[in-house]
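> Have a look; sequence and predicted model below, questions after that.
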Amino acid sequence: MSAFSLSDLERIVATRAAASPDESWTAKLVASGQERAAKKLGEEAIETVIAAIAKDHDGLKNEAADLLFHLLVVLKIADIPLADVFAELERRTGQTGLQEKASRPKS
């Protein structure tokens, strides 16, 4: 098993985001702004769902990788460190998913 982590990917995204948009897809996506990056994230989410429904193991694996990558790009643009997301996940582990959902403000 690889020791590669989401934190490693976050560092790669940050490095590539600082490159020229002519040389890096990540930089090009970052330069295009949050709306474009979020739309791309949505496309990847849909492709991930389709692969899961189709029980396409390799497709799901590949789309999940795309989804995680694009999520980290969106977080980078929003200036939200992965550590903040991890902290929120850790906060939520003290209760069940049903308790967490019930504690959310009603909209």
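Now that the structure is in, tell me what you want to look at.
> hey, let's count contacts and neighbours off CA atoms from now on
Noted.
> Go ahead and flag the most central residue of this protein.
Central residue of the chain (CA atoms, centre = their mean): residue 71, 2.0 Å from the mean position.
> Mind checking the pLDDT average for stretch 16-30?
Averaging pLDDT along stretch 16-30 yields 96.
> Would you mind writing the CA trace of that stretch as PDB?
C-alpha atoms of stretch 16-30 as PDB (Å, rounded to 0.1, in the frame of the first residue of the first chain):
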ATOM      1  CA  ARG A  16       1.100  23.300  -9.300                       C
ATOM      2  CA  ALA A  17      -1.400  26.100  -8.600                       C
ATOM      3  CA  ALA A  18       1.600  28.500  -8.400                       C
ATOM      4  CA  ALA A  19       2.800  27.400 -11.900                       C
ATOM      5  CA  SER A  20       2.000  29.100 -15.100                       C
ATOM      6  CA  PRO A  21      -1.500  28.300 -16.500                       C
ATOM      7  CA  ASP A  22       0.300  27.500 -19.800                       C
ATOM      8  CA  GLU A  23       2.200  24.700 -18.000                       C
ATOM      9  CA  SER A  24      -0.300  23.300 -15.500                       C
ATOM     10  CA  TRP A  25      -3.900  22.100 -15.600                       C
ATOM     11  CA  THR A  26      -4.100  22.900 -11.900                       C
ATOM     12  CA  ALA A  27      -2.900  26.500 -12.400                       C
ATOM     13  CA  LYS A  28      -5.200  26.900 -15.400                       C
ATOM     14  CA  LEU A  29      -8.200  25.700 -13.300                       C
ATOM     15  CA  VAL A  30      -7.200  28.000 -10.400                       C
END
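> buried residues in that stretch?
Neighbour counts over stretch 16-30 (16 or more other CA atoms under 10 Å) mark 16-17, 21, 26-30 as buried.
> Might you specify the subset of these located within helices?
Among the buried residues of stretch 16-30, the members found in helices (DSSP state H) are 16-17, 26-30.
> Name the nearest of the residues you listed relative to residue 39.
Relative to residue 39, the closest of these is residue 29; by CA to CA it sits at 10.7 Å.
> does the closest one really touch residue 36, like I thought?
Yes - checked against CA atoms under 8 Å, the pair residue 29 and residue 36 is within contact range at 7.3 Å.
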